[in-house]
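In: here's my sequence, what's the structure:
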Amino acid sequence: MGISQKDVKLLWGRSGNRCAICRTDLTQDKAAVSSAFTLGEQAHIVGEKDDAPRGKSPLTQQERDSYHNLILLCPNDHTTIDKNETDWPVEKLRQIKSEHELWVTETLSETVDHVRLAQSTVLASIVDHAVALCYLDRWHAWTSYALSPDPMWPKELPGNIYRFRQKVISAIWPPDFEEFKRATITFSVLVDRAAKIFMEHSDLQGNIYFSFKFYKRIDPNPNYDEDLERYKQWQNRCYESICDATKAANWFADVVRAYINPMFFAEEGKFFIEEGPFEDFSWRTKLLEFTEEEKAEYPDKAFIV
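Out: Got it, this is the predicted structure:
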């Protein structure tokens, strides 16, 4: 899954948003780069891969991507350490990181809000759960299957989404993050509802839940027309719930960029859905987002069935 949002928040906070070598001010937001700020880079101390600079190590991929193996650098210093491994070994970089974070604590303590850093680190953990359990990094792929004429979901996804909903229910929300709280609760409720609606008429086959066409369960079916209509209504509810969950996912991503990490899914862009294939073998792509007026109604509206 790469570097977690929690580790990103820890690294930037404890580094004081400064390069550990030259201590220049850094930013995570490409749009905010100016003469006063340089785009920071989360460099690996032990290389990200075995064939990367300083990459020969028994560390697992998860350990390589953890906060303890990362150092915040400007692009110039990142290039320098990777081009000259002899002068910049692992032990030296770890020492530089340790000394830099101590300098930040002693010198910038008045400018670093440690309480807010701790609060946002807790929220970053919720973000990591959302990405992993709700398949945010595969949103287009799994929702396309869920919106196909014969809807299907990965076997693990409904249970994972339920676990995310439990995580959100049990969260202790820090003050001053009200919109983050509202957007996260809304997303957890709506994506969980989408899963529950689909599971009303699903059939597990291997690693995939397929839609169960109950109107065909017996032949002949004396209630065929009524059952077919109920099935179509269920399909419409599945479709509407995925659309609502997608709107909520985009709102959630927006507040994560505002409060936690400005680069959260910035490269990938907005979450969208793709429907099809239709009878003419066409596909339709839609970008769905809440209006500001709709956001004002949530999360209260999310609990209305």
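In: quick one, what contacts Asp148?
Out: Quick fix: residue 148 reads Ser, not Asp. The neighbours of Ser148, taking C-beta atoms under 8 Å, 6 or more residues apart in numbering as the test, are 275-277. Quick note: C-beta positions are derived from backbone N, CA and C, even for glycine.
In: what segments of the stretch 51-200 of the chain are strands?
Out: Assigned by DSSP state E, counting those that start in this stretch, the stretch 51-200 of the chain shows strands spanning 70-73, 152-154.
In: name the stretch among those that sits most buried.
Out: Across these, averaging neighbours per residue (mean count of other C-beta atoms under 10 Å) puts strand 70-73 on top, at a mean of 26.
In: average pLDDT for it?
Out: Regarding strand 70-73, the rounded mean pLDDT is 97.
In: now what about that strand, what contacts it?
Out: Contacts for strand 70-73 (C-beta under 8 Å, 6+ apart): 3, 7, 11-12, 15, 17-21, 26, 40-45, 81, 93, 96-97.
In: of the residues you listed, which belong to strands?
Out: 26, 41-44 (DSSP state E).
In: can you pick the most crowded of those residues?
Out: Most neighbours among the ones in strands among the contacts of strand 70-73, by other C-beta atoms under 10 Å: Ala43, with 27 neighbours.
In: what residues are up against Tyr145?
Out: By C-beta under 8 Å, 6+ apart, Tyr145 lies in contact with 151-153.
In: same question but for His100, I mixed them up
Out: Here His100 is in contact with 15, 18, 20-21, 23 (criterion: C-beta under 8 Å, 6+ apart).
In: okay, which residue is most central for the chain?
Out: Most central in the chain under C-alpha atoms, centre = their mean is Val131, positioned 3.3 Å from the mean C-alpha point.
In: that one contacts Trp139, correct?
Out: No: if you go by C-beta atoms under 8 Å, Val131 and Trp139 don't touch, sitting 10.0 Å apart.
In: in which helix or strand would I find Glu297?
Out: Under the criterion DSSP states H and E, no helix or strand holds Glu297.
In: quick one: it from Lys286, how far?
Out: 21 Å (C-beta to C-beta, to the nearest Å).
In: can you check Ile96 too?
Out: Distance, Ile96 to Lys286, using C-beta to C-beta: 48 Å.
In: more neighbours, those two?
Out: Shown here are Ile96 and Lys286; by other C-beta under 10 Å, Ile96 has more neighbours (18 against 11).
In: Ile21 is in contact with that one, correct?
Out: Yes: Ile96 lies in contact with Ile21 (C-beta under 8 Å); the separation is 6.4 Å.
In: quick one on the thing from earlier: and the contacts of Ser148, which of them are in helices?
Out: Using DSSP state H, no member of the contacts of Ser148 falls within helices.
In: please indicate which of the residues you listed are buried?
Out: Among those, the ones that count as buried by 16 or more other C-beta atoms under 10 Å are Glu275.
In: quick one on the thing from earlier: how about a markdown table for the contacts of His100, with neighbour count and distance to Val256 added?
Out: As requested, those are arranged in a markdown table below (neighbours: other C-beta atoms under 10 Å; distance: C-beta to C-beta, whole Å):
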| residue | neighbour count | distance to Val256 |
| --- | --- | --- |
| Ser15 | 25 | 20 |
| Arg18 | 21 | 23 |
| Ala20 | 24 | 25 |
| Ile21 | 21 | 29 |
| Arg23 | 16 | 28 |
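In: contact partners for Cys134?
Out: 160-161, 164, 187, 191, 249.
In: oh, I was asking about Gln119
Out: Residues counted as contacts of Gln119 (C-beta under 8 Å, 6+ apart) are 174, 176-177.
In: out of these, grab the one that's most surrounded.
Out: For the contacts of Gln119, neighbours were counted using other C-beta under 10 Å, and Phe177 has the most, 20 neighbours in all.
In: isn't that residue right up against Leu123?
Out: Yes: Phe177 lies in contact with Leu123 (C-beta under 8 Å); the separation is 6.4 Å.
In: now do the shared contacts for these two.
Out: When contacts are counted by C-beta under 8 Å, 6+ apart, the set common to Phe177 and Leu123 consists of Tyr259.
In: tell me the domain boundaries of the chain?
Out: Here the domain assignment for the chain is 5-112, 115-303, based on automatic domain parsing.
In: quick check: the gap between Tyr135 and Ala141.
Out: Distance, Tyr135 to Ala141, by C-beta to C-beta: 8 Å.
In: cool, thanks, signing off.
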